[in-house]
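> Take this sequence and fold it.
(one chain, ligands or ions: 1)
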Amino acid sequence: MRKILILLLIIILTGCSSREEVLPADIDESAELEEDEWLEEEENSQEHEGDTPTKPKEEEGIGYQDLKDRILDKYQGIAPSEWGENLEGVISEIQTDEKIVALTFDACDGSPNSYDKKLIDFLIQEEVPATLFIGGQWIKENQAIFMELAGNPLFEIANHGYHHKPLSVTGERAYNIEGTKSVEDAFDEIYKNQMLIKELTGSYPKYFRSGTAYYDDVAVEIIQDLDLKAVNYNVLGDAGGTFNKKQIVKAFETAKEGSIFLFHMNQPHSEICKGVQEGVRLLKERGFSFVQLGEYDEFLK
Ligand SMILES: [Zn+2]
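Residues are numbered from 1 along each chain as shown. Predicted coordinates for the structure are as follows:
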């Protein structure tokens with residue numbers, strides 16, 4: 001019996017220590033990443049690998065170019081047949097009877113003063129967990145803030161694209177924003193941000209939402225091939241930051257078991273913070289609690 005207890009203790013301790021390795025605490029926050037510097041390093045390291053067989057991505061990190069070639073081989077020349085937010089393979093809710101909802105917040109472009117500190121401080125103060133979909137240019141503009149958010153277990157970091165573009169293989173547009181133009185372009189939009197986040201936090205995100213939340217069906221398959229899930233929403237929380245407080249609270253009132261809300265955390269001059277403050281109180285009163293997507297990964301649909 002004592003032997004079994006000791007064995008259990010060892011398993012628990014090893015589990016804990018391997019978890020700590022992916023925490024961002026060890027990463028030098030002051031190290032500014034130059035455009036594509038990390039990408040070149042990755043490409044160079046690939047050259048030295050020679051003929052060694054490629055290891056699965058989750059083990060070692062398969063090289064950027066190798067992965068890109070595979071995606072190009074598989075999808076080059078395939079014409080998409082659908083374009084939109086609600087395609088097959090794009091997740092919009094958590095399938096559950098539990099009284100839980102997931103709040104997701106997008107950090108879109110990297111323009112200055114594009115951080116809603118009041119909103120995030122409110123989530124921290126009220127201990128409301130959330131999933132943050134963060135764009136590559138936002139990370140570069142707000143790197144110190146990004147490191148703080150990534151180091152806070154209340155928040156799960158997800159990928160909102162490197163240049164915040166609709167994800168297309170043919171340059172389709174959404175809200176007058178031109179989408180990625182090719183398979184190669186779509187790959188870069190997803191994977192450059194994966195690599196940037198991995199470089200800074202030690203972990204690859206598990207979820208992707210394109211800029212504008214539009215995709216074509218080929219792009220959705222590419223996302224899945226890169227070990228990601230495309231996640232949209234079924235409650236439009238702030239309509240791109242255009243809702244006033246009243247409209248945001250109304251959106252909260254539509255919450256059901258397993259709802260995924262879409263908000264923005266890059267619009268400090270909007271009424272999002274005020275609306276979320278009241279909406280969170282309302283849902284708490286109704287007995288809902290808040291979860292990160294990763295906690296319900298197998299129930300995402
Ligand atoms: Zn966005």
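> Residue numbers of the stretch 201-301 of the chain in contact with the ion?
Neighbours of the ion within the stretch 201-301 of the chain, by Cβ under 5 Å from the ion: Gly211. Just so you know, the C-beta spots here come from the backbone N, C-alpha and C atoms, and that holds for glycine as well.
> Which parts of the stretch 201-301 of the chain are strands?
Assigned by DSSP state E, counting those that start in this stretch, the strands in the stretch 201-301 of the chain fall at 207-208, 215-216, 229-231, 235-236, 260-264, 289-290.
> Burial check on whatever residue of the stretch 201-301 of the chain ends up closest to the ion, number of neighbours?
For the stretch 201-301 of the chain, the residue closest to the ion is Gly211, as judged by Cβ to the ion, at 4.9 Å. Using other Cβ atoms under 10 Å, Gly211 is surrounded by 24 other residues.
> residue ranges with poor pLDDT in the stretch 1-150 of the chain?
Applying pLDDT under 70 to the predicted model, the residue ranges of the stretch 1-150 of the chain that meet it are 1-61.
> at 90 instead, please
Residue ranges of the stretch 1-150 of the chain with pLDDT under 90: 1-62, 109-113.
> can you pull out the helices in it?
Taking DSSP state H, counting those that start in this stretch as the criterion, the stretch 1-150 of the chain carries its helices at 2-20, 37-48, 64-75, 117-125, 136-141, 143-150.
> the longest strand in this protein is where?
Assignment by DSSP state E gives strand 100-107 as the longest strand of the chain.
> Which neighbouring residues are in contact with the residue of the stretch 201-301 of the chain closest to the ion, exactly?
When contacts are counted by Cβ atoms under 8 Å, 6 or more residues apart in numbering, Gly211 is found next to 108, 135, 160-161, 163-167, 177.
> repeat for Met265
Residues 105-107, 115-116, 119-120, 132, 272 are the ones in contact with Met265 under the rule Cβ under 8 Å, 6+ apart.
> how much space between the closest residue to the ion within the stretch 51-200 of the chain and Phe146?
Using Cβ to the ion, Cys108 is the residue of the stretch 51-200 of the chain that sits closest to the ion, at 3.3 Å. Cys108 sits at a distance of 14 Å from Phe146 (criterion: Cβ to Cβ, to the nearest Å).
> Need the residues touching each of those two.
Counting by Cβ under 8 Å, 6+ apart, the common neighbours of Cys108 and Phe146 are Trp138.
> hang on, the residue of the stretch 51-200 of the chain closest to the ion packs against Gly135?
Yes: when contacts are counted by Cβ atoms under 8 Å, Cys108 is listed as touching Gly135 (5.5 Å).
> give me the number of residues near the residue of the stretch 51-200 of the chain closest to the ion?
By other Cβ under 10 Å, the residues close to Cys108 number 22.
> swap in His269?
9.
> Not including adjacent chain positions, what is the nearest residue to Leu262?
Tyr233 (3.7 Å; Cβ to Cβ, 6 or more residues apart in numbering).
> ok now do that neighbour, which residues does it touch?
By Cβ under 8 Å, 6+ apart, the residues touching Tyr233 are 92, 104, 213, 260-262.
> same deal with Leu300?
By Cβ under 8 Å, 6+ apart, the neighbours of Leu300 are 91, 93-95, 229, 231, 293.
> how near is it to Ile91?
Taking Cβ to Cβ as the measure, Leu300 and Ile91 are separated by 4 Å.
> intersection of neighbour lists for these two?
229, 231.
> still on that earlier bit, filter the contacts of Gly211 to the buried ones?
By neighbour count, with 16 or more other Cβ atoms under 10 Å, the contacts of Gly211 hold 108, 135, 160-161, 163-167 as buried.
> mind listing the helices for the stretch 201-301 of the chain?
For the stretch 201-301 of the chain, the helices identified by DSSP H, counting those that start in this stretch occupy 217-225, 245-253, 272-285, in order along the chain.
> export those helices to CSV and tack on mean pLDDT?
Conversion of these to CSV gives the following (pLDDT from 0 to 100):
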stretch, mean pLDDT
helix 217-225, 98
helix 245-253, 98
helix 272-285, 98
